[in-house]
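# This is a predicted model, with the sequence first.
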Amino acid sequence: DQQVKQNSPSLSVQEGRISILNCDYTNSMFDYFLWYKKYPAEGPTFLISISSIKDKNEDGRFTVFLNKSAKHLSLHIVPSQPGDSAVYFCAAGGGYQKVTFGIGTKLQVIP
Amino acid sequence: KAGVTQTPRYLIKTRGQQVTLSCSPISGHRSVSWYQQTPGQGLQFLFEYFSETQRNKGNFPGRFSGRQFSNSRSEMNVSTLELGDSALYLCASSLGEATGGHGYTFGSGTRLTVV
């Protein structure tokens, strides 16, 4: 039972353009949502999060949007840079629940 | 401040053997979680420990076990290894009882290969 779904396994974007990574979830009890970035041979690193009471959170080039009614969130990267090429994991949690991850989307930013 | 340390980084084992992986969380962090990463499956939750107690457990067979020590260091053990256990095993630490929006800090992982 995949409670957090990332339906696009990969995405290619030109440098300087916007990257949009999408994530859907099924559990209405999730309190917060997170995005992690992972380079090969390294552990995931925390990128940005959003509480369920908000619909947008921005941190530099990264913005996360949450649509609770659609149970959908997205990560926007503007402008995209070659160093952003990595696997991006969407995750969700709540209270004392374990953090549940999606299967990841591999982003390639083409110079 | 030192990050999350996982040892060893790489491991090759034979089917049927057992293996123990170690994780030292960030100093002061009391919660440690373990995840298995395989291609196409993302990060699958194994278990979570807080103050030496297992707080959550994922859907893995009993061959997978873990524990946490009083200094918050954690170990996970896999017995009777199978080829399908080949994966990257990630440990993540967090500060307190509830992870909250700050998320985890992950280690670099242990790459286990079963032959």
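Structure received.

# How far does stretch A:57-77 sit from its chain's centre?
Mean-position distance between stretch A:57-77 and its chain equals 8 Å (CA atoms, centre = their mean, to the nearest Å).

# Sorry, slip of the keys, the one I care about is stretch B:46-65.
Distance, stretch centre to chain centre, for stretch B:46-65: 9 Å (CA atoms, centre = their mean).

# which residues sit in contact with A:Val64?
A:33, A:35, A:48-50, A:56-58, A:73-76 (CB atoms under 8 Å, 6 or more residues apart in numbering or on different chains). (Glycine included, C-beta is placed from N, CA and C.)

# can you confirm it is in a strand?
Yes: the assignment for A:Val64 is a strand, going by DSSP: H, G, I helix; E, B strand; the rest coil.

# State the distance from the residue nearest in space to the middle of chain B to A:Gly102.
The residue lying closest to the centre of chain B (CA atoms, centre = their mean) is B:Trp34, at 3.0 Å. From B:Trp34 across to A:Gly102, the span is 18 Å (CB to CB, to the nearest Å).

# Just give me the closest of the contacts of A:Val64 to chain B.
A:Ser49 (4.3 Å; CB to the nearest CB).

# neighbours around that closest one, how many?
For A:Ser49, the tally of surrounding residues (other CB atoms under 10 Å in any protein chain shown) stands at 21.

# In terms of helices and strands, where is it?
Assigned by DSSP states H and E, A:Ser49 falls within strand A:45-51.

# Quick one: distance of the helix or strand that that strand is followed by to the chain centre.
The helix or strand immediately downstream of strand A:45-51 is strand A:56-59, counting by DSSP H and E. Its chain's C-alpha centre and that of strand A:56-59 lie 12 Å apart, by CA atoms, centre = their mean.
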